[in-house]
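Chemist: here are the coordinates; sequence isn't available:
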């Protein structure tokens, strides 16, 4: 069931909280933007705000899996993240993947976008455009548009305990924050109460943690940094994946995104 909530006033939350001290930044002068190659796919970050307590959310969750696994938008390399919010937990079913942090993130998006309320399922593309998460036509149209410009190159390599990140080719941007997202695939819930009672709900790209790890100054053309990989015994390490993205602090625009690869 789509449910609207007033946007919270979050003076204390500029983005994700304090960054770590491990963030050397290259502030070399801006260089020319690379030329887009025919047939290339540009990374586009798609964020879905969802809940197992929301009756309208399962179709959006299924579509998120299609975006991740089938990559149906020809021009885009779609990178997906699913945030389970906590404001449906009083409706008979507590979403085991929900977090107040993700509700705060959604509220911050709503303030940036000038929205009067938050709702689920809500899909946000590259931090700029939002729509109902089950609206596949809007999603493909918006993702195609977002994949038009050439994006910065994200080279993120894991050595097992940490990730080294180099990002090059930034265009014009304001002060931004580099973030590591830990997400888990292959999660399934048998819901026994609430709006989805009796349903088996599979999920992909369930965000387990966000970790800010560096600042990208205005006009910087490159960024280098490192971040430790979070761990938790509740997570299935074989199903974990790591995403690095850079988000403007003021606008919320995603200016770079990429998957972490094993070194």
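Modeler: Thanks, I have it. Predicted model only: the values in this text are computed from it and were never measured. Numbering: from 1, shown residues only.
Chemist: now the helices for the stretch 1-150 of the chain?
Modeler: 57-70, 100-113, 136-146 (DSSP state H, counting those that start in this stretch).
Chemist: residue 235: which of these is closest?
Modeler: When the helices of the stretch 1-150 of the chain are compared by Cβ to Cβ, helix 100-113 sits nearest residue 235, at 16.0 Å. No exception for glycine: its C-beta is placed from N, CA and C like everyone else's.
Chemist: ok, which of the helices of the stretch 1-150 of the chain comes nearest residue 183?
Modeler: helix 57-70 (9.7 Å).
Chemist: from the contact counts, what lies against that closest one?
Modeler: Using 3 or more Cβ pairs under 8 Å, 6 or more residues apart in numbering; DSSP states H and E as the contact test, the elements touching helix 57-70 are strand 42-50, strand 76-84, helix 136-146, strand 200-203.
Chemist: pLDDT (mean, whole number) over the longest one?
Modeler: Taken as a whole, helix 136-146 carries a mean pLDDT of 98.
Chemist: now it: buried residues?
Modeler: 138, 139, 140, 142, 143, 145, 146 (16 or more other Cβ atoms under 10 Å).
Chemist: stretch 246-262 now?
Modeler: Those would be 246, 247, 248, 252, 253, 254, 255, 256, 257, 258, 260, for stretch 246-262 by 16+ other Cβ under 10 Å.
Chemist: most distant residue from the middle of this structure?
Modeler: What lies farthest from the middle of the chain is residue 198; by Cα atoms, centre = their mean that is 28.9 Å.
Chemist: ok, it - contacts?
Modeler: By Cβ atoms under 8 Å, 6 or more residues apart in numbering, the contact list for residue 198 reads 191, 192.
Chemist: what's the spacing between it and residue 95?
Modeler: 16 Å (Cβ to Cβ, to the nearest Å).
Chemist: ditto for residue 257
Modeler: 25 Å.
Chemist: now swap in residue 230 and tell me
Modeler: Counting by Cβ to Cβ, the gap from residue 230 to residue 95 is 20 Å.
Chemist: got it, and residue 45?
Modeler: For residue 45 relative to residue 95 (Cβ to Cβ), the value is 22 Å.
Chemist: the stretch 151-263 of the chain: strands as residue ranges?
Modeler: Assigned by DSSP state E, counting those that start in this stretch, the strands in the stretch 151-263 of the chain fall at 153-158, 162-168, 176-184, 187-190, 200-203, 206-216, 222-228, 240-248, 254-262.
Chemist: quick one: average pLDDT of the third one?
Modeler: Average pLDDT, strand 176-184: 98.
Chemist: equivalent analysis for the fourth one, please.
Modeler: For strand 187-190, the mean pLDDT works out to 98.
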